[in-house]
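In: The following block contains a protein sequence and its predicted model.
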Amino acid sequence: AQSVTQLDSQVPVFEEAPVELRCNYSSSVSVYLFWYVQYPNQGLQLLLKYLSGSTLVKGINGFEAEFNKSQTSFHLRKPSVHISDTAEYFCAVRWQAGTALIFGKGTTLSVSS
Amino acid sequence: DTGVSQDPRHKITKRGQNVTFRCDPISEHNRLYWYRQTLGQGPEFLTYFQNEAQLEKSRLLSDRFSAERPKGSFSTLEIQRTEQGDSAMYLCASSLDGRAGNSREQFFGPGTRLTVL
């Protein structure tokens, strides 16, 4: 069965500092990988996705993630965060032959000045 | 704005009552999904439709839950005899199934927050 583990439930950082949000998944088959962001009382917005090809994926708002098949990881990074990046971030996987997204429990990123 | 819309945004009901939520997907999208998100958790898949056909249901979708997409456009999710454990955010998403058979990105609506008293 597929599962997603987000290793940090909360990540506090100062503005303009770099950040990494960690995500590991378990699956015996090939998967697609996604990062979504959720602002308070809003739905989910796709930040970036890995379907195939280059393992370094760039997304919106300056975020990027690297797919590491051997470590089954898909960590999200940003070199310099802003106050406006404060939100909940979800890593998700989808079995290539499936349809449902399997989400992690989320990481709360709190950016302070 | 042509994104996914959901109505209502908030619903407060008493235990035992029935509730119905509506989702309007992006107009050309043929797949529609329902997820449930409880406090402190990520969204969990409930069910999905390809056009009007309901093709997959999670074991989370008990007999009290029913979803429809009668004309392959909007969808409704009904919960009968609500319980306090049904309190959650109900998210709808849609996607366009590509010719290769692989669905594209899922676009999410703002959700309906249900509170069962």
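Out: Happy to help now that I have it.
In: Please name the residues that touch the residue nearest in space to the middle of chain B.
Out: Nearest to the mean C-alpha position of chain B, by Cα atoms, centre = their mean, lies B:Trp34 at 2.9 Å. By Cβ atoms under 8 Å, 6 or more residues apart in numbering or on different chains, B:Trp34 lies in contact with B:23, B:45-48, B:67, B:75, B:77, B:90-92. All C-beta atoms are positioned from the backbone trio N, CA, C, and that covers glycine.
In: What sits closest to the residue in chain B positioned nearest to chain A if chain neighbours are left out?
Out: At 3.1 Å from chain A, B:Gly42 is the closest residue in chain B, using Cβ to the nearest Cβ. Distance criterion Cβ to Cβ, 6 or more residues apart in numbering or on different chains; nearest residue to B:Gly42, sequence neighbours excluded, is A:Phe103 at 3.1 Å.
In: For that neighbour, give the beta-bridge partners.
Out: Taking DSSP bridges as the rule, A:Phe103 bridges to A:Ala92.
In: isn't it right up against A:Arg94?
Out: No. Counting by Cβ atoms under 8 Å, A:Phe103 sits too far from A:Arg94 to count as a contact (10.2 Å).
In: confidence score at the residue of chain B closest to chain A?
Out: On pLDDT, B:Gly42 comes in at 93.
In: any idea whether it is helix, strand or coil?
Out: Following DSSP: H, G, I helix; E, B strand; the rest coil, we place B:Gly42 in the coil state.
In: wait, what's in contact with it?
Out: A:4, A:90, A:92, A:103-106.
In: quick one: it from A:Ala17, how far?
Out: To A:Ala17, B:Gly42 is 25 Å away according to Cβ to Cβ, to the nearest Å.
In: quick one, strands of the chain?
Out: Chain wasn't specified; assuming chain A. Under the criterion DSSP state E, chain A contains strands at A:3-6, A:10-14, A:19-21, A:23-26, A:31-38, A:44-50, A:56-58, A:64-68, A:73-78, A:87-95, A:102-103, A:107-112.
In: should've been chain B
Out: With DSSP E as the criterion, chain B has strands spanning B:5-7, B:10-13, B:19-24, B:31-37, B:44-50, B:53-57, B:65-68, B:75-79, B:88-95, B:107-108, B:112-116.
In: wait, which of the ones you listed is closest to A:Glu64?
Out: A:Glu64 lies closest to strand B:107-108 among the strands of chain B, at 21.3 Å (Cβ to Cβ).
In: Tell me if that closest one is near chain A.
Out: Yes. Remark: strand B:107-108 sits within contact range of chain A at B:107-108, by Cβ under 8 Å from any Cβ of the partner chain.
In: Show me what stretch A:84-96 is in contact with.
Out: Here stretch A:84-96 makes contact (Cβ under 8 Å, 6+ apart) with A:2, A:4, A:6, A:19, A:21, A:23, A:25, A:27, A:29-40, A:44, A:47, A:61, A:74, A:76, A:78, A:100-104, A:106-111, B:42-43, B:102.
In: Just the buried positions in that stretch, please.
Out: Buried residues in stretch A:84-96, counted by 16 or more other Cβ atoms under 10 Å in any protein chain shown: A:85-95.
In: Can you name the residues of chain B that neighbour chain A?
Out: Residues of chain B found near chain A (Cβ under 8 Å from any Cβ) are B:4, B:31, B:33, B:35, B:40-45, B:48, B:55-56, B:58, B:91, B:93, B:102-103, B:105-111, B:113.
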